[in-house]
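Chemist: how would this look folded up:
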Amino acid sequence: MKTIFYKNQLKFAALITLFFFSCQDAIDIQQDGFLGPDNAYNTVDDLQSGLNGVYARYLPDSGGNGTGGEIYHSSVFTDEIKAGVASNGQGSTLYDFIIDNTNTGSASFIIWQDNYRMLARANRVLDAFDNVAISASDLVRANHIKGQLFALRALGHLKLLEYFSPDYNDPNGLGVINLDFVNDVNDQLPRNTFSETAALIKSDLDQANGLLDPSEMSNIFINPDVVKALRTRLALIEGDYSTALQYASELVSSYPLANQQQYLNMYQDTDDTELIFKLSRVSGDNDVALLYYFNFISATDGYLEVSNQLFNDLSAIPGDIRLSAVLSSTFSTINGVDDPSNVLVINKYPGSADGQATNDIKVFRSSEMLLIKAEAEARTVGLSEAAISIKTLRDARFGVATPLPSYANITEALTDILLERKKELCFEGHRYLDLKRLGGELGIGINRNPVDCASFQASCVLPSTDVKFTLPIPQAELDANANIQTNPSN
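Modeler: Next up, the predicted model:
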């Protein structure tokens, strides 16, 4: 039976002072019976309840019916989808490469808001530790709670850095606002540099590692391997490829790739073979399938569908199990290659025992770590080692031995790895950030199949150098914070 993160949230919710990005519904008058940090947290159980609330605020699957955060934005903005048979224009503006930072339903606002709310909650629970008398018998548990809070704070800062920092290669360039303290609603804070935010993330991960209980290894909670996965992703965007290779290799050794049946079962939430960390979703939580459907997966209910381009990529070589995971064979209708009448039903979130539209969110998988390993190998130890890593992944997905790739140069290797990331990680929130990180180096932007962009009557091409691969700071934050620096926009 799954652990439900959302229990005991009413008590915790009373603690939250809204962050400075213009959510101005806080009041100055303290009412009788106000539940503040000094009296809300009295026991280790209270701290656990607060931690549950922090988990509840990490929402990459937020949104529905034409709006959304990480997963939705990556799917619609890039080349993963086309308009579905039930489309009433949901997502058409974003699909046409228009990022509206004034809209509270935009990824710009949602990703900024959700992650800073998570940081604010984490800081309040961390601050409350000073008010709780912790017995010797509770010390390991309390430390484990604190370690998870530090890691979640690192996760929130990392996601913000990935989306809002314009240049990963400039340590003195703009990062985000480091929030490692309990802020006041009236605070007007400037952005830290990229290197300052990266340093805070590393510091928080170091603290987490020293506090987490190594015997607690559930993949629906932060554990030492999740910390290692966070270090791997951070090292990748920093360009610290030797560190990325070290941690990715360790995780690949610890988490075997799923075979073909296990791979399909993973998306039905019945197999965890290669899962390092996932967000548990049960009845009453976010229904991730509603990012693409009005109600649940069916032949006629999808307002977004798999793009012809992605379908072509996955079906180019017969036998790739990822095609079955991505495309519903039950509900799809394929009339021909790039036929405008193709109905390509998204199957990445097929529902589970918890609901027709409910699935766990896969945050870290060993296949992602193997892809990072391949990239780090190509950049450090050699192209032949990278080719072996890519073959290993393909062998698992095809269920048979596949040809060993041969890369003539680093550009050829990275281009192949980027394509493999597209096929392996589609509809999981990676494509937008992958193109941001690698696209400029390789000269690969968004170049959609004409049939797909015609489904929205939208633009097909976005150059790899376009500033829209970095999200703009939300207008609400700009209005409320005189010290915030903007991102380039066009």
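
Chemist: Any idea how many residues pack against residue 109?
Modeler: For residue 109, the count of nearby residues is 25 (other C-beta atoms under 10 Å). The C-beta positions use only the backbone N, C-alpha and C, and glycine is treated the same way.

Chemist: gap between it and residue 149?
Modeler: 25 Å (C-beta to C-beta, to the nearest Å).

Chemist: What of residue 304?
Modeler: For residue 304, the distance to residue 149 - C-beta to C-beta - is 35 Å.

Chemist: for residue 417, same thing?
Modeler: Distance from residue 417 to residue 149, by C-beta to C-beta: 34 Å.

Chemist: does residue 158 belong to a helix or a strand, and which?
Modeler: Using DSSP states H and E, residue 158 sits in helix 139-164.

Chemist: List the buried residues in the helix or strand just after that helix.
Modeler: Per DSSP H and E, the first helix or strand lying C-terminal to helix 139-164 is helix 194-211. Under the neighbour-count criterion of 16 or more other C-beta atoms under 10 Å, helix 194-211 has 194, 197, 198, 200, 201, 202, 204, 205, 207, 208, 209, 211 buried.

Chemist: what's the least confident helix or strand in this protein, going by average pLDDT?
Modeler: For the chain, counting by mean pLDDT, DSSP states H and E, helix 9-13 ranks last in confidence among helices and strands (a mean of 35).

Chemist: where in the protein is pLDDT low?
Modeler: Within the chain, the ranges that satisfy pLDDT under 70 run 1-39, 490.

Chemist: hmm, try it at 80
Modeler: Filtered on pLDDT under 80, the chain yields the residue ranges 1-39, 489-490.

Chemist: picking up where we left off before, angle of the helix holding residue 158 against helix 194-211?
Modeler: Put simply, helix 139-164 runs at 160 degrees to helix 194-211, going by axes from the mean of the first three to the mean of the last three C-alpha atoms, to 10 degrees.

Chemist: Against which helices or strands is helix 139-164 packed?
Modeler: Helices and strands touching helix 139-164, by 3 or more C-beta pairs under 8 Å, 6 or more residues apart in numbering; DSSP states H and E, are helix 44-56, helix 107-128, helix 194-211, helix 224-238, helix 431-442.

Chemist: looking at the ones you listed, which is buried most?
Modeler: Highest mean neighbour count among the helices and strands packed on helix 139-164 (mean count of other C-beta atoms under 10 Å): helix 107-128, with a mean of 24.

Chemist: how about the residue nearest to residue 274 when sequence neighbours are not counted, what does it touch?
Modeler: Nearest-residue entry for residue 274: residue 366, 4.1 Å, with adjacent residues in sequence omitted and distances by C-beta to C-beta, 6 or more residues apart in numbering. Taking C-beta atoms under 8 Å, 6 or more residues apart in numbering, we find residue 366 in contact with 251, 252, 254, 255, 256, 257, 274, 276.

Chemist: which ones among those residues are found in strands?
Modeler: Per DSSP state E, strands hold the following members of the contacts of residue 366: residue 276.

Chemist: What subset of the contacts of residue 366 is buried?
Modeler: In the contacts of residue 366, burial by neighbour count holds for 251, 252, 255, 257, 274, 276, counting by 16+ other C-beta under 10 Å.

Chemist: Now distance to residue 381 too, for those residues, in CSV please.
Modeler: Formatted as CSV, the buried ones among the contacts of residue 366 follow (distance: C-beta to C-beta, whole Å):
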residue, distance to residue 381
251, 17
252, 15
255, 21
257, 21
274, 23
276, 23
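
Chemist: could you list every residue that touches residue 217?
Modeler: Residue 217 makes contact with 223, 224, 225, according to C-beta under 8 Å, 6+ apart.

Chemist: Same question for residue 256.
Modeler: Each residue near residue 256 by C-beta under 8 Å, 6+ apart is listed here: 273, 274, 366.

Chemist: Using TSV, lay out those residues together with distance to residue 73.
Modeler: Converted to TSV, the contacts of residue 256 look like this (distance: C-beta to C-beta, whole Å):
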residue	distance to residue 73
273	29
274	25
366	25
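
Chemist: Helix, strand, or coil at residue 363?
Modeler: strand (DSSP: H, G, I helix; E, B strand; the rest coil).

Chemist: thought it was touching residue 277?
Modeler: Yes. At 4.6 Å, residue 363 and residue 277 qualify as touching, with contact defined as C-beta atoms under 8 Å.

Chemist: Residue 43: what's it in contact with?
Modeler: Per C-beta under 8 Å, 6+ apart, neighbours of residue 43: residue 132.

Chemist: gap between it and residue 378?
Modeler: From residue 43 to residue 378 the distance is 51 Å (C-beta to C-beta).

Chemist: now the residue nearest to residue 272 when sequence neighbours are not counted, what's its secondary structure?
Modeler: The shortest distance from residue 272 to any non-neighbouring residue, by C-beta to C-beta, 6+ apart, is to residue 219 (5.9 Å). Under the three-state scheme (three-state DSSP), residue 219 adopts coil.
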